[in-house]
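> Kindly return the folded structure for what I paste below:
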Amino acid sequence: MYRAVALLLAASALSGCQVSLGSGGLDYDKLEGAITTELNNNYAAISRHVAGVDCPHQAQDPKAGDALICNADLEGQTVRVRATVSDENYNVKFDTLDAVYDLSAAGGRLSQGISEEYGFDVAVTCGDSLRVVEIGRSFECTATDPTGGTVATTLTLDVVDEVNAGIGLVADFPSLSGDPGSAFTYSLTITNNTPAEQVFTFDPTAPQGWTVSASPTAEAKAQTVTIEAGGTSDVKVTATPPATAEQGKYPINVAVTAANGATGTISLEADVTGTPTMAMSTADQRLDAKGKSDTEERIPLIVGNTGTAPLEDVKLAGTAPTGWDVSFDPETIASVKPNETAQVVAIVKPSSDAVAGDYALAVRASAGSQSSNLDLRYTLEGSRTLGFIAIVVIIAAVGALAGVFVKFGRR
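The predicted structure follows:
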């Protein structure tokens with residue numbers, strides 16, 4: 001004899017559903033309507049419909065903790081629903097005491113399960129209609145082996161506690177890292193834990209400014225996927241941050257909804273690593289400076305970060321003619337945040353024997369793989385004292401020559 005088989009073959013039972021009926025007594029019509037709606041949403045998985053629900057009116061309004069049994073008419077069969085008053089505001093929780101089997105589907109699933117377990121074809125027949133069974137009870141179906149022999153097999157009721165438990169969601173890698181502007185692609189596996197084939201829709205959400213999409217891996221343009229009871233399907237989720245996204249971790253949430261109302265959610269994470277971008281200029285945007293020999297000249301510089309990650313430990317260096325001195329105040333910049341700037345002063349001191357003229361001066365800022373160069377023209381002005389002495393010397397020379405001409409001209 002085949003052993004008892006526990007399979008999820010019934011429409012999901014209701015558990016923990018709640019409706020708020022307000023104060024002033026129990027609103028039976030509203031309660032019956034709420035139960036009808038929930039049952040029809042649930043039984044849509046097996047294409048069945050509740051004709052109506054009857055909750056017996058009590059002589060006195062029930063109190064918190066009191067329960068009443070309502071009866072739902074499902075194609076001539078009664079499904080019992082227990083409604084429990086939660087509090088004095090008449091919030092009511094309700095759950096089904098019975099589950100509904102689609103006998104034709106039950107036979108097909110049992111045939112497949114037993115055949116796979118025993119290694120040969122077994123045909124199981126449970127009937128062709130619906131069967132309402134009290135939760136925790138079982139009933140028998142007939143199994144026929146390849147020789148034609150028949151035996152009874154027991155079908156044990158296994159009910160999903162909540163509709164929301166009808167979807168399984170797993171991500172291969174729920175946390176990914178990448179640069180701003182690059183796509184984060186996640187692979188999800190959806191498991192249909194409901195008792196019947198379902199059509200699933202996706203609703204991915206991401207931070208403002210991001211683009212996000214979800215579709216079956218097998219068909220990128222599809223917005224839904226159909227999964228048989230107990231089956232799985234892969235879904236690809238793609239989230240792309242804006243190029244200006246700052247470094248940090250961002251949530252990507254995906255909600256999946258089945259046609260029968262079952263829902264599932266999963267939270268993913270995108271770790272944007274960011275990239276700094278360095279830019280350097282003089283404070284007045286000019287590329288020329290001037291000064292005197294053996295005299296310090298201060299040149300204000302601006303170091304900016306137009307990237308999406310901080311610039312850390314920015315070092316500065318200068319290249320100048322031999323004998324010149326170039327230093328910086330400060331010598332290093334600890335950090336420059338994205339879209340911010342920092343000011344530094346280049347201190348240039350030409351050598352004491354440098355002559356007037358134009359000189360090339362280079363300044364470099366670097367931080368890790370980032371760097372920025374600035375080429376300046378430094379004009380060295382001559383000393384006024386030296387100019388005065390030169391003028392005196394020239395005048396003296398001219399005077400001496402004039403004296404010579406006068407002396408020899410008289411001969």
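
> pretty sure Leu44 belongs to a helix, no?
Not Leu; residue 44 is Ala. Yes. Ala44: assigned to a helix according to DSSP: H, G, I helix; E, B strand; the rest coil.

> can you tell me how far the residue lying closest to it once chain neighbours are set aside sits from Gly181?
Distances taken as Cβ to Cβ, 6 or more residues apart in numbering put Asn260 closest to Ala44, at 5.0 Å, once the chain neighbours are dropped. All C-beta spots, glycine's among them, are computed from the backbone N, C-alpha and C. Counting by Cβ to Cβ, to the nearest Å, the separation of Asn260 from Gly181 is 40 Å.

> Pick out whichever of those two has more residues nearby.
The residue with more neighbours, out of Asn260 and Gly181, is Asn260; 21 against 14, by other Cβ atoms under 10 Å.

> thought that one was touching Asn41?
Yes. In this structure, Asn260 is within contact of Asn41 by Cβ atoms under 8 Å, at 6.3 Å.

> Wait, Arg82 touches Asp95, no?
Yes. Contact criterion Cβ under 8 Å: Arg82 and Asp95 qualify, at 5.7 Å.

> higher neighbour count, those two?
Taking other Cβ under 10 Å, Arg82 and Asp95 do not tie; Asp95 has more neighbours (17 against 14).

> What helix or strand is that one located in?
Element membership for Asp95, per DSSP states H and E: strand 91-96.

> mind checking pLDDT for the residue nearest to Ala44?
Asn260 is assigned a predicted lDDT (pLDDT) of 75.

> Can I take it that it is in a helix?
No. Secondary structure of Asn260 (three-state DSSP): coil, not part of a helix.

> Phi, psi for it please.
Backbone torsions of Asn260, given as degrees, to the nearest 10, read phi -90, psi 0.

> Which parts of the stretch 1-150 of the chain are strands?
Along the stretch 1-150 of the chain, the segments classed as strands by DSSP state E, counting those that start in this stretch run 5-7, 10-11, 17-20, 50-54, 67-74, 77-85, 91-96, 98-102, 123-125, 130-134, 138-144, 150-157.

> Share the number of residues neighbouring Leu74, please.
Counted with other Cβ under 10 Å, Leu74 comes out at 22.

> so Ala196 sits right up against Tyr101, yeah?
No. Contact criterion Cβ under 8 Å: Ala196 and Tyr101 do not qualify, at 11.0 Å.

> Which segments of the protein make up each domain?
Here the chain is described, according to automatic domain parsing, as comprising the domains 1-161, 163-272, 278-384.

> hang on, the earlier thing: pLDDT on the strand holding Asp95, on average?
For strand 91-96, the mean confidence score works out to 83.

> So in that sheet, which strands flank it, and in what orientation?
Sheet pairing of strand 91-96 (DSSP bridges) gives strand 17-20 (antiparallel), strand 77-85 (antiparallel).

> what separates the residue positioned nearest the centre of the chain from Gly264, distance-wise?
Taking Cα atoms, centre = their mean, the centroid of the chain lies closest to Ile252, which sits 2.2 Å from it. From Ile252 across to Gly264, the span is 15 Å (Cβ to Cβ).

> mind listing the helices for this protein?
Applying DSSP state H to the chain gives helices spanning 28-43, 103-118, 384-409.

> looking at those helices, which one has the lowest mean pLDDT?
Among these, helix 384-409 scores lowest, with a mean of 59.

> Give me the nearest residue to Ser215, chain neighbours excluded.
Counting by Cβ to Cβ, 6+ apart, Ser215 lies nearest to Ala222, which is 5.5 Å off, once chain neighbours are set aside.

> Count the neighbours of the one you found for me.
Neighbourhood size, Ala222 [other Cβ under 10 Å]: 13.

> Would you mind measuring from it to Thr189?
The gap separating Ala222 from Thr189 is 16 Å, by Cβ to Cβ.

> So in terms of bridging, what pairs with the closest residue to Pro207 other than its chain neighbours?
Nearest residue to Pro207 in three dimensions, chain neighbours excluded: Tyr250, at 5.2 Å (Cβ to Cβ, 6+ apart). For Tyr250, the beta-bridge partners under DSSP bridges are Ala270.

> Would you check that Tyr250 makes contact with Trp210?
Yes. In this structure, Tyr250 is within contact of Trp210 by Cβ under 8 Å, at 7.4 Å.

> Mind listing the shared neighbours of those two?
Applying Cβ atoms under 8 Å, 6 or more residues apart in numbering, one finds that Tyr250 and Trp210 are jointly contacted by Pro241.

> still on that earlier bit, which positions in the strand holding Asp95 come out as buried?
Neighbour counts over strand 91-96 (16 or more other Cβ atoms under 10 Å) mark Val92, Lys93, Phe94, Asp95, Thr96 as buried.

> what angle do it and strand 130-134 make?
For strand 91-96 against strand 130-134, the angle by axes from the mean of the first three to the mean of the last three Cα atoms, to 10 degrees is 120 degrees.

> what's the angle between strand 91-96 and strand 50-54?
Using the same axes, to 10 degrees: strand 91-96 against strand 50-54 is 130 degrees.

> ok, the residue nearest to Pro207 - contacts?
Taking Cβ under 8 Å, 6+ apart, we find Tyr250 in contact with Ala206, Pro207, Trp210, Pro241, Glu269, Ala270, Asp271, Val272.

> so what's the residue nearest to the third one when sequence neighbours are not counted up against?
By the measure of Cβ to Cβ, 6+ apart, the closest residue to Trp210 outside its immediate chain neighbours is Pro241, 5.3 Å from it. In this structure, Pro241 makes contact with Pro180, Gly181, Ser182, Phe184, Pro207, Gly209, Trp210, Tyr250, Ala270, Val272, judged by Cβ under 8 Å, 6+ apart.

> Could you tell me the per-residue confidence at Asp87?
So Asp87 comes in at 80 (pLDDT).

> how near is it to Cys70?
Going from Asp87 to Cys70 by Cβ to Cβ gives 19 Å.

> More neighbours: those two, which one.
Taking other Cβ under 10 Å, Asp87 and Cys70 do not tie; Cys70 has more neighbours (20 against 12).
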